[in-house]
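>>> Quick one: sequence and predicted model below, then my questions.
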Amino acid sequence: MSGQFYSDATLYDRLFPGSEQAVEFYRAEAGRHGGRVLELGSGTGNKLIPIASDGHACTGLELSAAMLAEARRKAAERGVEVEWVQGDMREFDLGRTFDLVLIAANSLLHLHAAEDLVACFRLVRRHLAPGARLVFDVFNPSVGVLAQADGIRRRRDALSFVDPDRGVVHVDVADEYDAAAQVTRGRWYFSTDSEADFVVMPLEIRSIFPQELPLLLSLGGLRVVERFGDWSRAPLTAGAALQLYVCEPH
Ligand SMILES: C[S@@+](CC[C@H](N)C(=O)[O-])C[C@H]1O[C@@H](n2cnc3c(N)ncnc32)[C@H](O)[C@@H]1O
């Protein structure tokens with residue numbers, strides 16, 4: 001239910017320009033472990049293009065043709081070589097191993113069933129070279145925030161952005177939290193002052209709680225080496241916005 005969200009890569013990049021701290025975190029991880037770097041759900045290359053420009057051999061696996069096309073365009077524009085592969089992180093076989101596998105910016109949360117998460121972790125394990133790591137980030141669910149997902153449409157001022165053709169774009173979101181599935185089901189509305197709702201798209205995103213993740217990883221043959229609550233590597237505490245994991249095969 002989130003495919004449409006990734007069908008307009010330009011809109012995605014304007015909405016989520018990406019954090020410099022996140023890019024620097026993943027670049028540092030690539031400096032420590034890469035070698036050969038694979039990103040699953042690589043989007044438009046926000047992490048992978050800077051990593052490739054540092055001299056690492058990079059492969060991006062991505063479901064959306066539109067996101068891949070934009071990643072290819074941006075890499076070519078910067079003169080950076082990356083292997084871009086269209087595929088599904090739940091079922092892929094690249095026939096070789098990597099020194100670092102990344103799953104950045106909540107991409108993992110598009111897998112809603114526990115079986116899909118475990119299938120992905122098993123495949124990651126098969127693609128890890130000796131000594132390699134899986135590094136990923138997902139948000140740290142807050143029950144307070146989830147409780148506010150009541151289906152009512154609200155403006156998210158912090159998400160407004162400027163489109164060179166349309167001007168200032170306002171973003172409204174109506175979210176509903178399905179507690180049984182642990183999935184937030186949202187509708188995102190994009191408007192300008194003169195054009196209401198010029199795009200309306202669904203986005204569904206799972207919550208994975210901190211006590212679940214080590215178990216899911218373990219079913220996939222992985223274990224947690226380090227866990228952080230922000231990009232500065234502070235510990236994961238109750239109020240942390242992020243869950244950042246560094247994992248290895250067990
Ligand atoms: C939130 S974006 C993150 C993009 C990128 N990792 C970044 O840091 O900017 C999530 C990406 O995951 C991709 N995606 C969703 N489900 C996927 C799947 N099953 N296999 C591969 N990619 C997937 C989406 O198409 C989207 O590009």
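Nice, I can see it. Residues are numbered from 1 along each chain as shown.
>>> Tell me, how many residues neighbour the closest residue to the ligand within the chain?
When distances are taken as Cβ to the nearest ligand atom, the chain approaches the ligand most closely through G43, which lies 2.5 Å from it. C-beta here means a position set from N, CA and C on the backbone, and glycine is covered the same way. Neighbours of G43 under the rule other Cβ atoms under 10 Å: 25.
>>> and if you look at the one 5 residues further on?
Each residue near L48 was counted by other Cβ under 10 Å, and the total is 31.
>>> so is the residue of the chain positioned farthest from its centre in a helix, a strand, or just coil?
Within the chain, S194 marks the point farthest from the mean C-alpha position, 32.2 Å out by Cα atoms, centre = their mean. Applying DSSP: H, G, I helix; E, B strand; the rest coil to S194 yields a three-state assignment of coil.
>>> Quickly find the element holding N46.
With secondary structure defined by DSSP states H and E, N46 is part of neither a helix nor a strand.
>>> still on that earlier bit, my read is that the residue of the chain closest to the ligand contacts A66, right?
No. Taking Cβ atoms under 8 Å as the contact criterion, G43 and A66 are not neighbours in contact, 10.3 Å apart.
>>> Next, the contact list for Y245, please.
With contacts defined as Cβ atoms under 8 Å, 6 or more residues apart in numbering, Y245 is in contact with 134-137, 213, 217, 224, 226-227.
>>> Could you dump those into JSON lines and include neighbour count and pLDDT?
As requested, those are arranged in JSON lines below (neighbours: other Cβ atoms under 10 Å; pLDDT from 0 to 100):
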{"residue": "L134", "neighbour count": "28", "pLDDT": "98"}
{"residue": "V135", "neighbour count": "24", "pLDDT": "98"}
{"residue": "F136", "neighbour count": "25", "pLDDT": "98"}
{"residue": "D137", "neighbour count": "22", "pLDDT": "98"}
{"residue": "L213", "neighbour count": "20", "pLDDT": "96"}
{"residue": "L217", "neighbour count": "23", "pLDDT": "98"}
{"residue": "V224", "neighbour count": "15", "pLDDT": "98"}
{"residue": "E226", "neighbour count": "13", "pLDDT": "97"}
{"residue": "R227", "neighbour count": "17", "pLDDT": "97"}
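>>> follow-up on the earlier one: quickly list what's touching both of G43 and A66.
Taking Cβ under 8 Å, 6+ apart as the contact definition, G43 and A66 share the neighbouring residues 6, 9.
>>> Break this protein down into its structural domains.
Under automatic domain parsing, the residue ranges defining each domain of the chain are 3-140+209-249, 143-206.
>>> Is stretch 193-212 positioned near the ligand?
No. Judged by Cβ under 6 Å from any ligand atom, stretch 193-212 makes no contact with the ligand; its nearest approach is 8.7 Å.
>>> Determine how far the last residue of that stretch lies from the first.
End-to-end span of stretch 193-212 (Cα to Cα, to the nearest Å): 43 Å.
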